[in-house]
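> Structure for the following, please:
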Amino acid sequence: MIRSKSFSSRLFDIVNNVVMFLLAFSCLYPLWYAFCLSISDKSAANSGIVTFYPVGFSLASYKEIMGDIKFFNSFWISIQRTVLGTVITLLVLIMMAYPLAKSKLEFKPRNIIMWIILFCMVFNGGQIPWYITVKNYGLIDSIWGLVLSGSLPVFNLILMMNFFRSLPKDLEEAAVVDGAGPWRILFGIVVPCSVPVLATIVLFTGVYHWNEFFQGLVLTTGDAHYPLQTYIKQMVVNIQTTNLTKDQIMQMDKLSNKSLDAAKIFIAMIPMLVVYPFLQRYFVSGIMLGAVKE
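All right, here's what the predicted structure looks like:
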């Protein structure tokens, strides 16, 4: 016999649903607001009356973006940075996490290396020594400066180490009996069995590289080398008022800085919104299995 829910249980469900709805709304509303603002006309955007729906439909901002070469150049730089940064970070983490996941008997320098890594996680030399180091390596105005300067996130390393430790030892022992070496075990057994944590780290790293703007501001000397988020932060509409044609004057009259910035922000969010659903199903399992130390 199925027992009906008690009043306290029903009340908990109601409160829980309301809280979840409010949290979901707080996450989705900024995206929706940016979209509404981007397709609103100049007067509505500048007066601040756009809230839950667009006012005075206009695609002038998107038309302006389509002709902005610098925007697409920075978009391409961000794509390169995200792809290269994610691949390099993943390789570095795999190569470090696998030996560090072994016991001290199997890998003797394990504890020393871990203490060094944790020390660097807690203490650092500061922004100026970091900048001088990157500059001395000749990585200013280079995509490699943006990629390599943050290629070892210690938090993600700890997640991957703990996940590797949770894998059954029998798999490696069976592979050794069959004659497999360390490289074969790592890339033929351990990595294929670690898809949840790898997908989680890909999501973390990709979002970090795509949204990070400060390094692009510090490690580049001009907007020709800006990644997308740095470009969006720094650039505002700068239309020369001399030698404008009649059509250009009419286009400028329809354009608002607020709606143009909102359009750029909305376009910048699209790649992460497209990628996230494919990795989201691995997110919870990757975090839980990688965060628990047995």
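> Find me the pLDDT at residue 82, would you?
Listed pLDDT for residue 82 reads 90.
> pLDDT on stretch 180-189, on average?
84.
> ok, and for that stretch, which residues are buried?
Buried positions in stretch 180-189, judged by neighbour count with 16 or more other Cβ atoms under 10 Å: 185, 186, 189. For glycine as for every other residue, the C-beta is placed from the backbone atoms N, C-alpha and C.
> closest to residue 117 among those?
If you rank the buried residues of stretch 180-189 by distance to residue 117 using Cβ to Cβ, residue 186 comes first, at 19.3 Å.
> Burial check on the spatially closest residue to that closest one that is not a sequence neighbour, number of neighbours?
Distances taken as Cβ to Cβ, 6 or more residues apart in numbering put residue 98 closest to residue 186, at 5.4 Å, once the chain neighbours are dropped. The number of residues packed near residue 98 is 20, by other Cβ atoms under 10 Å.
> what do you get for the one 4 residues further on?
Using other Cβ under 10 Å as the criterion, residue 102 is surrounded by 15 other residues.
> For it, give me its contacts.
Contacts for residue 102 were tallied using Cβ atoms under 8 Å, 6 or more residues apart in numbering; they are residue 110.
> please renumber so the chain begins at 35
All right, first residue 35 from here; so that's residue 136.
> Now do the SS call for it.
Here residue 136 is coil, with the state taken from DSSP: H, G, I helix; E, B strand; the rest coil.
> ok, it to residue 206 distance?
Separation of residue 136 from residue 206 (Cβ to Cβ, to the nearest Å) stands at 10 Å.
> same check, this time on residue 133
Applying Cβ to Cβ, the value for residue 133 to residue 206 is 13 Å.
> ok, back up a step: intersection of neighbour lists for residue 136 and residue 206?
What both residue 136 and residue 206 touch, as defined by Cβ under 8 Å, 6+ apart, is an empty set.
> May I see the buried residues of the helix or strand hosting residue 146?
Assigned by DSSP states H and E, residue 146 belongs to helix 144-156. By neighbour count with 16+ other Cβ under 10 Å, helix 144-156 contains the buried residues 144, 151.
> Give the rounded mean pLDDT of the helix or strand just after that helix.
Downstream of helix 144-156, the next assigned helix or strand under DSSP H and E is helix 161-170. Helix 161-170 carries an average pLDDT of 86.
> And stretch 239-253, by the same measure?
Stretch 239-253 comes out at a mean pLDDT of 85.
> quick one: contacts of that stretch?
So stretch 239-253 is in contact with 112, 115-116, 119-120, 123-124, 161, 165, 168, 173-176, 179-181, 183-184, 187, 190, 259-264, 266-268, 302, 305-306, 309, going by Cβ under 8 Å, 6+ apart.
> Which among those residues count as buried?
Looking at these with 16+ other Cβ under 10 Å, the buried ones turn out to be 112, 115-116, 119-120, 123-124, 165, 168, 173, 179-181, 183, 187, 190, 259-264, 266, 302, 305, 309.
> Can you list which of those are found in helices?
Among these, DSSP state H puts 112, 115-116, 119-120, 123-124, 165, 168, 179-181, 190, 262-264, 266, 302, 305, 309 in helices.
> Please give me every residue in contact with residue 152.
With Cβ under 8 Å, 6+ apart, residue 152 has these contacts: residue 188.
> can you list the weak-confidence ranges in the stretch 35-184 of the chain?
Within the stretch 35-184 of the chain, the segments meeting pLDDT under 70 span 35-39, 77.
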